[in-house]
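Undergrad: Below: sequence and its predicted model.
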Amino acid sequence: MSQKLRVGILGATGMVGQRFIALLENHPWFEVVAVAASPRSAGKAYEDAVGGRWKMDTPMPEAVKKLVVLDVNDVEHVSSQVDFVFSAVDMTKDEIKAIEEAYAKTETPVVSNNSAHRWTPDVPMVVPELNPEHLEVIKYQKERLGTKKGFIVVKPNCSIQSYTPALHALKEFGPKLVVATTYQAISGAGKTFKEWPEMVGNIIPYIGGEEEKSEQEPLRIWGHVEDGKIVKAEGPVITTQCIRVPVLNGHTAAVFVNFEKKPSKEEIIERWRAFKGLPQELELPSAPKHFIQYLEEDNRPQVTLDVNYENGFGVSLGRLREDTVFDYKFVGLSHNTVRGAAGGAVLIAELLKAQGYITAK
Ligand SMILES: NC(=O)c1ccc[n+]([C@@H]2O[C@H](COP(=O)([O-])OP(=O)(O)OC[C@H]3O[C@@H](n4cnc5c(N)ncnc54)[C@H](OP(=O)(O)O)[C@@H]3O)[C@@H](O)[C@H]2O)c1
């Protein structure tokens, strides 16, 4: 009998859902036993429901092809088959809030990609290397939900992962003002070039809701736990512009920053290269050995060369130099559907299992 935890994926047929399926193939701790999507897909074999929509560059794993897709809305039925779920459904914010809480109330932990619960005060929003201590609010959330094992944890938006880890590693120098322009891949909208031909050779200077998320979510990551809630940090001041670019996978950020106490260039690079978090200490299965790499070459990080650094779980930085207006400027790159979406959630689930929050039912 398998000792692995049984996993369900809500939104399994979508872009992020497919990434979960690909990342969880041969996972040492988790096994995908249930796939759920909209009523349109329910009742079909997974390979038929996905049909020509498979977007990963590795083949669809054999183990999921014949799984019959369940309806996300059949909460009891899906929950009865799994120990926990990953959520990547595309519904309205209110619907997602309600359905994720419904799963939690069936004593099924939910690790979510969606933004719906990112500002619910007792729901931790976690990058495992940066703020694992926020998991502490789970006990208060369980009290509110009236559950013993069920709860919701979320991951932050994909756009912030190209610069927030870099700034976090420099917290001792007090980053106080940050200007970031993000150049975001089309897979962040769940699309490929085939489905979005207008993006070939094009740039669109608008991504709905993205700038607010990019400015506010790092402050929640740097917040603290008080009275069973996350209280967001007051600084640094962050202003962003988020731009869609003709790239399939990989969000790049061009960042300017001022510090309270300006470090030397050598100090910055040393802090980045030495940076480690709990996933590295615990040697979680998906943890990158080196979360941050700094590349010396003037023409790095590049999407095509660097997006898969540490299997897409690492962050690549480069072009650090002094600026004429700000203290420093640099460029960051992260994989938006691995570290920025499904992979980030898998790493959270590994941390939750390692710390005893997720167990077999
Ligand atoms: N793409 C990214 O990089 C990224 C990053 C972070 C967060 N997210 C968020 O993650 C979620 C999924 O994104 P995606 O890019 O994977 O979207 P997607 O490719 O459009 O997939 C959406 C999934 O949700 C299901 N779904 C749609 N309407 C539904 C309904 N009314 N009831 C139940 N299930 C429904 C779809 O099932 P059918 O196939 O049956 O229609 C599909 O499985 C979104 O909320 C998105 O904002 C995406």
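TA: Cool, the structure landed.

Undergrad: Tell me the confidence at Leu1?
TA: Let me fix one detail, which is that residue 1 is Met and not Leu. In this model, Met1 is scored at 43, pLDDT.

Undergrad: Likewise for the one 4 residues further on?
TA: In the predicted model, Leu5 carries a pLDDT score of 98.

Undergrad: In the chain, what residue lies closest to the ligand?
TA: The nearest approach of the chain to the ligand comes at Gly14, 1.9 Å away (Cβ to the nearest ligand atom). C-beta coordinates here come from the backbone N, C-alpha and C atoms, glycine included.

Undergrad: Okay, now the sheet partners of the helix or strand where Ala253 lies, with direction.
TA: Element membership for Ala253 (DSSP states H and E) is strand 251-259. For strand 251-259, the paired strands and their directions (DSSP bridges) are strand 175-184 (antiparallel), strand 328-334 (antiparallel).

Undergrad: so after it, what's the next helix or strand?
TA: Strand 251-259 is succeeded, C-terminally, by helix 265-274 (DSSP H and E).

Undergrad: for that following helix, packing partners?
TA: Helix 265-274 makes packing contacts with strand 292-295, strand 315-322 when contacts are defined by 3 or more Cβ pairs under 8 Å, 6 or more residues apart in numbering; DSSP states H and E.

Undergrad: how big is the angle separating it from strand 328-334?
TA: Using axes from the mean of the first three to the mean of the last three Cα atoms, to 10 degrees, the inter-axis angle of helix 265-274 relative to strand 328-334 is 20 degrees.

Undergrad: how much does helix 265-274 deviate in direction from strand 315-322?
TA: Here helix 265-274 runs at an angle of 170 degrees relative to strand 315-322 (the same axes, to 10 degrees).

Undergrad: Give me the contact list for helix 265-274.
TA: Helix 265-274 is contacted by residues 166, 169-170, 172-173, 263, 290, 292-294, 317, 320-322, 328 when judged by Cβ atoms under 8 Å, 6 or more residues apart in numbering.

Undergrad: All the strands of the protein, residue numbers only.
TA: Along the chain, counting by DSSP state E, strands occupy 5-10, 30-37, 70-71, 84-87, 110-112, 152-154, 175-184, 224-226, 229-231, 237-244, 251-259, 292-295, 315-322, 328-334.

Undergrad: Need the winner for burial among those.
TA: A comparison of the strands of the chain by mean neighbour count, using mean count of other Cβ atoms under 10 Å, puts strand 84-87 on top with a mean of 29.

Undergrad: That strand: how far from the chain's middle?
TA: 13 Å (Cα atoms, centre = their mean, to the nearest Å).
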